[in-house]
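Colleague: One predicted model, sequence on top.
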Amino acid sequence: MIMSDIDTWSLGAVAVDSVATRQADATTTARLATVQPGLHVQVQGLHKAYGQRSVLADVDLALAPGEFVAIVGRSGCGKSTLLRHVAGLERADRGALLLDGQPAGERLRDDVRIMFQDARLLPWKRVLENVALGLEGADALPRAREALAAVGLADRAHEWPAVLSGGQRQRVALARALVHRPRLLLLDEPLGALDALTRIEMQQLIEQLWTQHRFTALLVTHDVAEAVALADRVVLIEEQRIAFDEAVNLPRPRTRGPGFAALEDTVLRRVLGQPAVEAAAHTTGKAAHWPAAA
Ligand SMILES: Nc1ncnc2c1ncn2[C@@H]1O[C@H](COP(=O)(O)OP(=O)(O)OP(=O)(O)O)[C@@H](O)[C@H]1O
């Protein structure tokens, strides 16, 4: 079945009762688990200028298959530019992008998906249709339902995007990415417009799905706590280059204990260009972004 067929479906008539939801939940893990292992990403010697303004200069960045890397840095430092290059949406002035060791083409691959700050759902299509967009074949709708179940929205399949909250719309956007069984998920500040609690819930959902499916993930974020909560490595872009690349050696799922706060403080100070403060980093009284350690 192609999407034009789906267009004619009366999605409002799709019964999403609790039995169907439970069945979808039960099959979700099995179906989505057919995801291939994460892509190996290598950015080598990337240079990018817009007119006279050099944005990235000789940037090298590698993501191992299944690794979760967060990029932080001041506004305008080139985070999104780097992410768009990895997506194949921008042409480099110089340098190479290798995916699984092969030079990448200049278009978005089917197994590479992006989430942006806004969900970019089609308002004239129901939630399920939005998730199924671009899928073909008899299993398009079942797959879309499974992806919706995986983000906790099985019961909203027949609704219009306009009636969903911002957080729910981002869940749909996540389902729309997952349904393609991505080997690389690019996250360009996807939680930036959400309230603090919804943001934490979405972080936990993203981490849970990443833990299950092990796609490679590249997250651009302004929120250092979010980077520390989710990433295996936090990378700072500064003055057109990668200035800092720090492993986050905290057990998952991460709780906001002293180790977390100390690392958050270290990264934040590095972003701000302030000297590191020894110890006591976790007693600064900053608002918690992540649940406190039990
Ligand atoms: N298409 C474009 N044409 C011209 N300049 C651009 C273009 N895209 C980005 N830039 C410039 O490149 C620089 C880096 O932009 P980019 O969006 O990558 O930064 P960022 O670190 O993601 O910023 P923010 O955190 O504010 O989203 C900025 O100075 C921006 O104005």
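Modeller: On my side now, so go ahead.

Colleague: list the helices and strands the longest helix seen in the chain packs on?
Modeller: What stands out as the longest helix in the chain, according to DSSP state H, is helix 196-213. The criterion is 3 or more CB pairs under 8 Å, 6 or more residues apart in numbering; DSSP states H and E, and the helices and strands that helix 196-213 contacts are helix 18-32, helix 166-178, helix 224-230. Every residue, glycine included, has its C-beta placed from N, CA and C.

Colleague: Check the average confidence over the last one, would you?
Modeller: Meaning helix 224-230. The pLDDT scores in helix 224-230 average 96.

Colleague: give the contact list for the residue nearest the centre of the chain.
Modeller: Nearest residue to the geometric centre of the chain (CA atoms, centre = their mean): residue 187, 3.3 Å. Contact partners of residue 187, counting by CB atoms under 8 Å, 6 or more residues apart in numbering, are 114, 115, 206, 217, 218, 219, 220, 221.

Colleague: Need the pLDDT of residue 24.
Modeller: 42.

Colleague: likewise the one 3 residues further on?
Modeller: Per-residue confidence for residue 27 comes out at a pLDDT of 47.

Colleague: isn't residue 248 right up against residue 226?
Modeller: No. Applying CB atoms under 8 Å, one finds residue 248 not in contact with residue 226, separated by 11.6 Å.

Colleague: related to what we said a few turns ago, can you put the contacts of residue 187 in JSON lines and add distance to residue 100?
Modeller: What follows is those, written out as JSON lines (distance: CB to CB, whole Å):
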{"residue": "114", "distance to residue 100": "18"}
{"residue": "115", "distance to residue 100": "22"}
{"residue": "206", "distance to residue 100": "23"}
{"residue": "217", "distance to residue 100": "16"}
{"residue": "218", "distance to residue 100": "15"}
{"residue": "219", "distance to residue 100": "20"}
{"residue": "220", "distance to residue 100": "22"}
{"residue": "221", "distance to residue 100": "26"}
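
Colleague: of the residues you listed, closest to residue 243?
Modeller: Distance to residue 243 across the contacts of residue 187 (CB to CB) is lowest for residue 220, with 15.5 Å.

Colleague: May I have the beta-bridge partners of that closest one?
Modeller: Judged by DSSP bridges, the bridge partners of residue 220 are residue 71, residue 188.

Colleague: can you tell me the distance between the two ends of stretch 101-108?
Modeller: 17 Å (CA to CA, to the nearest Å).

Colleague: Give me the buried positions along it.
Modeller: residue 104 (16 or more other CB atoms under 10 Å).
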